[in-house]
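> Sequence and predicted structure, then a few things I'm wondering about:
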Amino acid sequence: MESANLKLARAQEHILAIRDINEDYTEREPNVIIKHPDRGNELKFIESPPDAISVLAGGCIYQIRSALDHLAFQLVKLNRGGATLPRDWEEKCAFPLRVKTSEENARIQLFRGHASGDNR
């Protein structure tokens, strides 16, 4: 679980960096409110938000998704139910774990790339 925690710590670093960039951005007062007596107020941006915010947000989402991958891997590795795992489960195990059931063949689909009837 340490690897998942490291990923979450990195995501937190991205969040803090976004907060700092956003504070600098808002201190510059990047927008103005234009008052229109007949139709209300209009918010007009005179400066676009920094591109770094979207890059950091993408990195944050990636790290959280990666932490979920690490968690899914560790949970399957525990295999508390004693299920027979495919030979190459380590390469295919990833978040999201999919559940695919049917009346004919109820089976938990944990691995991408494996058809419902494939149990290698």
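Cool, the structure landed.

> for the protein, which spans come out with low pLDDT?
Applying pLDDT under 70 to the chain picks out residues 97-120.

> Got the domain ranges for it?
Taking automatic domain parsing as the reference, the chain has its domains at 1-67, 79-120.

> will you turn those domains into JSON lines that also has mean neighbour count and distance to Phe73?
In short, each C-beta sits where N, CA and C put it, glycine included. Formatted as JSON lines, the domains of the chain follow (neighbours: other Cβ atoms under 10 Å; distance: least, Cβ to Cβ, whole Å):
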{"stretch": "domain 1-67", "mean neighbour count": "13", "distance to Phe73": "9"}
{"stretch": "domain 79-120", "mean neighbour count": "12", "distance to Phe73": "5"}
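
> can you give me phi and psi for Gly40?
Gly40 adopts backbone torsions of phi 90, psi -160, taken as degrees, to the nearest 10.

> Tell me what it is bridged to.
Beta bridges link Gly40 to His36, judged by DSSP bridges.

> Strands of the chain, residue ranges please.
31-36, 40-45, 93-100, 107-111 (DSSP state E).

> Quick one: residues in contact with the second one.
Defining contact as Cβ atoms under 8 Å, 6 or more residues apart in numbering, one finds that strand 40-45 is touched by 30-36.

> now the angle between strand 31-36 and it, please.
Interaxial angle of strand 40-45 relative to strand 31-36 (axes from the mean of the first three to the mean of the last three Cα atoms, to 10 degrees): 150 degrees.

> Return strand 40-45 as PDB; C-alpha atoms alone will do.
C-alpha atoms of strand 40-45 as PDB (Å, rounded to 0.1, in the frame of the first residue of the first chain):
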ATOM      1  CA  GLY A  40     -27.700  42.300 -14.900                       C
ATOM      2  CA  ASN A  41     -24.000  41.900 -14.400                       C
ATOM      3  CA  GLU A  42     -21.400  40.300 -16.700                       C
ATOM      4  CA  LEU A  43     -18.200  38.800 -15.600                       C
ATOM      5  CA  LYS A  44     -15.400  39.400 -18.100                       C
ATOM      6  CA  PHE A  45     -12.000  37.800 -17.900                       C
END
